[in-house]
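Give me coordinates for this.
(chains A and B)
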Amino acid sequence: MSVLVIAEHDDAELKPATLNTVTAAKALGGEIHVLVVGEGCGGVAEAAAKIDGVARVLVADAPECAHRLAENVANLVVGLADGYSHILAPHTTSGKNILPRAAALLDIQPVSDITAVISEDTFERPIYAGNGIATVQSTDAKKLITVRTTAFEPAAEAGGSAAVEQTAATADAGLSSFVRAESSQSERPELTSAKIIISGGRGMQSGENFDMLERVADKLGAAVGASRAAVDAGFVPNDYQVGQTGKIVAPDLYIAVGLSGAIQHLAGMKDSKVIVAINKDEEAPIFQVADYGIVGDLFDVVPQLEAELDKQG
Amino acid sequence: MKVLVAVKRVIDPNVKVRVKADQTGVETANVKMAMNPFDEIGVEEAIRMREAGTAEEIVAVSIGARQVQETIRTALAMGADRGIHVATDEDVQPLAAAKLLKAVVEKEQPQIVILGKQAVDDDAGQTGQMLAGLLGWSQATFASKIVLGNGDAEITREVDGGLETLKVSLPAVVTTDLRLNEPRYASLPNIMKAKKKPIEEMTPADLGVDAAPRLKLVKVVEPPKRKAGVKVESVAELVDKLRNEAKVI
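Below you'll find the model as predicted:
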């Protein structure tokens, strides 16, 4: 039995989601290989080789692999599938884009967004925005799986010394091409790996008011997130969205500001270690999951929080 | 150009979902049902293509028991032209759904198939990508903007790092994200008109597809509950508790 993990990266750096996925692979047992697909991704492959528990790194570094287009990467994965009992990717937009396509080509029903490995063919996964936890058993010969990264601790980034091997890229399928990316530039940590997150909801009233949260975030080394309502209202970009249909996060500390706590939002953050809610409506559902709540106007409370952090910090 | 939209009947997302006591699934008896919200966005996008003169016909497809015809009627009331009901009482998992949709696509020959990026019941998020793979078509998931060109489309996708724009050749499979559009409500006259629009029925056997499930549902349980916390009176008290009690800052 051996497990192939599809690395999450942007050619420049290996993303932490890969480390959590390796931990899920360890729970399965067997030898772990990591696949790095991209263009100019040699540095990422070297980083992957150092991950604790990884036996081999396969690198497909070619123009046909640029931007990890689903059509091309799925074909590549299918070509490598023979040697593996399990193929895993993190449940990121990239993993979600590629893995089901590869599974269909292999005539396999994949298992999405697993939160626990029960055995080599049985897994737990949340359904209905986390209102139910389903245990599912795959009857397919091979298992293709996406992994909820917050449910698995990251594997150590050092300690491994895997062999790095080149693997041939498959020909460009010629179906799609990359046009442009509009990346959110931020010096702050990424939402999905941040230790502290401060999120705003509709109560923030405008995008400018998110500056208040950003100032607090900078004092705490935190990432800034948002509810769907705040994204739909255009206050912040789409990649800030935390929730059932956005990003799933589980930081040590989650501070929810002016955010009522709709079930779809809770689905994305209720596994956080400590939750703080700041809301003027004391009936807001967010208080039912919060460890510490402050009932008050966020426009008073957040500046006080910033000042208090300065005072004692 | 013909557009095919796949629509799924799910528990209304505003309903509190309850796990059955016998752990066999979630309670669906006497629960309000609705079209999957991402599929509504798909129907709306198809209608906008027709309003812009780029799409001529919109076909809404749903898979499942007799009641999914209500969901198809909703799509017809919004503005789809006709419906296809793939009738089955069995549990249809994403791979089977993709195979059934592939068979429908081969009959209907649309240039674009639009699906929601995920259904808010099983939250799998697989069917669109699987359909694209089985057809050997290009795919654009999590679309927030679609600009049709001549034989291709420029599609902006919501990805983890921001936005990514791809050019895909047609025919293509597109899955919708939240910011693609705001779906319209069906007007009363359109709801009346929708009752006269045709819905064609077929079965998985008619389409030559084995739709047997591959995943066995062992059980469904409630998630662990969080303990209720405390309200603090001041920001100073909050910061003190975060530092000295929770030790997270």
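
Contact residues of the stretch 201-313 of chain A facing chain B?
For the stretch 201-313 of chain A, the contact set with chain B under Cβ under 8 Å from any Cβ of the partner chain comprises A:220, A:228, A:231-232, A:237-239, A:244-245, A:247, A:252-253, A:263-264, A:270, A:273-276, A:282, A:287-295, A:301, A:304-305, A:308-309, A:312. Glycine gets a C-beta too; all of them are placed from N, C-alpha and C.

Show me those residues that map onto strands.
Judged by DSSP state E, strands contain the following of those: A:Leu253, A:Val274, A:Ile275, A:Val276, A:Tyr292, A:Gly293, A:Ile294, A:Val295.

can those residues go into a markdown table with extra columns for neighbour count, pLDDT and distance to B:Val113?
Shown next, in a markdown table, are these (neighbours: other Cβ atoms under 10 Å in any protein chain shown; pLDDT from 0 to 100; distance: Cβ to Cβ, whole Å):
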| residue | neighbour count | pLDDT | distance to B:Val113 |
| --- | --- | --- | --- |
| A:Leu253 | 23 | 98 | 43 |
| A:Val274 | 21 | 98 | 44 |
| A:Ile275 | 24 | 98 | 40 |
| A:Val276 | 25 | 98 | 44 |
| A:Tyr292 | 22 | 98 | 48 |
| A:Gly293 | 24 | 97 | 46 |
| A:Ile294 | 26 | 98 | 48 |
| A:Val295 | 17 | 97 | 48 |
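
okay if I get these as TSV plus distance to A:Gly159?
Rendered in TSV, the data for these read as follows (distance: Cβ to Cβ, whole Å):
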residue	distance to A:Gly159
A:Leu253	28
A:Val274	30
A:Ile275	33
A:Val276	35
A:Tyr292	37
A:Gly293	41
A:Ile294	42
A:Val295	47
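
and which of these is nearest to A:Gly83?
Nearest to A:Gly83 among these, counting by Cβ to Cβ, is A:Leu253 at 42.0 Å.

So the closest one is in contact with B:Leu242, correct?
Yes - judged on Cβ atoms under 8 Å, A:Leu253 makes contact with B:Leu242 at a distance of 6.8 Å.

which neighbours do those two share?
With Cβ atoms under 8 Å, 6 or more residues apart in numbering or on different chains applied, the overlap between the contact sets of A:Leu253 and B:Leu242 consists of A:Val274, A:Val276, B:Val248, B:Ile249.

Looking at these, which is nearest A:Gly258?
Using Cβ to Cβ, the shortest approach to A:Gly258 within those belongs to A:Val276, at 12.5 Å.

Bridged to that closest one, which residues?
When bridges are called by DSSP bridges, A:Val276 pairs up with A:Ile255, A:Tyr292.

Spit out the contact partners of it.
A:Leu253, A:Tyr254, A:Ile255, A:Ala256, A:Ala290, A:Asp291, A:Tyr292, A:Gly293, A:Ile294, B:Leu238, B:Leu242.

you'd agree the fourth one is up against A:Gly201?
Yes - when contacts are counted by Cβ under 8 Å, A:Ala256 is listed as touching A:Gly201 (7.2 Å).

What subset of the residues of the stretch 201-313 of chain A next to chain B is buried?
Among these, those classed as buried by 16 or more other Cβ atoms under 10 Å in any protein chain shown are A:220, A:228, A:231, A:237-239, A:244-245, A:247, A:253, A:263-264, A:270, A:274-276, A:287-295, A:301, A:304-305, A:308-309.

any idea how far A:Gly225 is from chain B?
For A:Gly225, the distance to chain B equals 13 Å [Cβ to the nearest Cβ, to the nearest Å].

Which residue lies closest in space to the most centrally placed residue in chain B, excluding its sequence neighbours?
The structure's chain B has its C-alpha centroid closest to B:Gly116; by Cα atoms, centre = their mean the separation is 3.1 Å. Take B:Gly116 and drop its neighbours on the chain: the residue closest to it by Cβ to Cβ, 6 or more residues apart in numbering or on different chains is B:Phe38, 2.6 Å away.

Also B:Ile112?
Using Cβ to Cβ, 6+ apart and skipping residues adjacent in sequence, the residue nearest B:Ile112 is B:Val3, 5.0 Å away.

Any regions of the stretch 201-313 of chain A where pLDDT drops low?
Applying pLDDT under 70 to the predicted model, the residue ranges of the stretch 201-313 of chain A that meet it are A:312-313.

For it, just list every one of the helices.
A:210-220, A:228-232, A:263-269, A:298-312 (DSSP state H, counting those that start in this stretch).

what's near enough to touch A:Thr23?
Neighbour list for A:Thr23: A:Phe152, A:Glu153, A:Pro154, A:Ala155 [criterion: Cβ under 8 Å, 6+ apart].

and what of A:Met269?
With contacts defined as Cβ under 8 Å, 6+ apart, A:Met269 is in contact with A:Ile197, A:Ser199, A:Gly225, A:Val242, A:Gly243, A:Ile248, A:Val249, A:Ala250, A:Tyr254, A:Ala256, A:Ile275.

Most neighbours of all these, which one?
Using other Cβ atoms under 10 Å in any protein chain shown as the contact criterion, the top neighbour count among those goes to A:Gly225, which has 34 neighbours.

isn't that residue right next to A:Asn238, touching?
No - if you go by Cβ under 8 Å, A:Gly225 and A:Asn238 don't touch, sitting 11.7 Å apart.

Strands of chain B, residue ranges please.
Counting by DSSP E, residue ranges of the strands within chain B are B:2-6, B:9-11, B:33-35, B:57-64, B:82-87, B:112-116, B:138-148, B:152-159, B:162-169, B:172-176, B:199-202, B:215-221, B:230-231.

With mean pLDDT added, can I get those strands in a markdown table?
Converted to a markdown table, the strands of chain B look like this (pLDDT from 0 to 100):
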| stretch | mean pLDDT |
| --- | --- |
| strand B:2-6 | 98 |
| strand B:9-11 | 98 |
| strand B:33-35 | 98 |
| strand B:57-64 | 98 |
| strand B:82-87 | 98 |
| strand B:112-116 | 98 |
| strand B:138-148 | 98 |
| strand B:152-159 | 97 |
| strand B:162-169 | 97 |
| strand B:172-176 | 98 |
| strand B:199-202 | 98 |
| strand B:215-221 | 98 |
| strand B:230-231 | 95 |
